[in-house]
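Chemist: Sequence first, predicted coordinates after that:
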Amino acid sequence: MNSQSVLLIFAKAPVAGQVKTRLISDVGEQRATELYKEFLTITLETAEQASFSEIQLWVSGDINHPYIKYLKNTFHMTLHKQKGNDLGERMSCAFDSAFAIYSNAVLIGSDCPSLLSSDLNTAVDYLENEKDVVLGPAEDGGYYLIGMKKNKPELFLDVNWGKKTVFSETCALIEKNNLNLGVLEKRADIDRVSDLDSYFKMKNQLA
């Protein structure tokens, strides 16, 4: 595994009412917040099982939130503040920062508990073997992972973030820019109460 690979994890400070907002009407603010903390912790546990030189947690909101501080003291990672006006701009800024040091960078969110460490390692393998970009498609039409070996800001422009077309739009931009794409297995993000059934089944299988 290339020692010059970095993992960027995008997360929000877990403030009640500001995370997993599409779950709130069904489970309440407090339960939605607790679930988000659980997903974020699982994501970091998975990240530590993969082979990266560094894990970076990029936080939107209060970087000094007590739970963020707890994670910083629990896991081997560095903390960074997200910058930018929309998701695409924030991801591009994080990649810019990563490529000042590292050869390969992989970015994930924090609401895909079915993500495996092997998915992360496969993403790096793709980048080491002539793929310019790697995507992990989500079942909702977005993507749970994007990796690159050089920042391509054009892949984040004019994308309808939060819509079911994000993955297909990004694939079209990759093709338009003549980039080689590697695609991982499809995984499920947890955004709605209907997504929780598969998550709880997965937890029961691992128990």
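Modeler: All right, it came through fine. Numbering: from 1, shown residues only.
Chemist: wouldn't I146 be in contact with L135 here?
Modeler: Yes: I146 lies in contact with L135 (Cβ atoms under 8 Å); the separation is 5.7 Å. All C-beta atoms are positioned from the backbone trio N, CA, C, and that covers glycine.
Chemist: list residues touching both of those two?
Modeler: Jointly contacting I146 and L135 under the rule Cβ atoms under 8 Å, 6 or more residues apart in numbering are T170.
Chemist: Need the residues that contact the top helix by length along the chain.
Modeler: The residue-count maximum for a helix in the chain (DSSP state H) belongs to helix 29-49. Helix 29-49 is contacted by residues 7, 9, 11-12, 14-17, 19-21, 23-24, 27, 55, 57, 67, 71, 74-77, 108-113, 115-117, 120, 190, 196 when judged by Cβ under 8 Å, 6+ apart.
Chemist: Among those, which lie within strands?
Modeler: Counted as lying in strands by DSSP state E, out of the contacts of helix 29-49, are L7, I9, A11, K12, I55, L57, I108.
Chemist: How about the secondary structure of E154?
Modeler: helix (DSSP: H, G, I helix; E, B strand; the rest coil).
Chemist: for the one 5 residues further on, same thing?
Modeler: Following three-state DSSP, V159 is assigned to coil.
Chemist: is it true that it touches G88?
Modeler: Yes: counting by Cβ under 8 Å, V159 touches G88, with 5.7 Å between them.
Chemist: Wait, E154 touches N178, no?
Modeler: No: contact status for E154 versus N178: not in contact, 11.4 Å apart, counting by Cβ under 8 Å.
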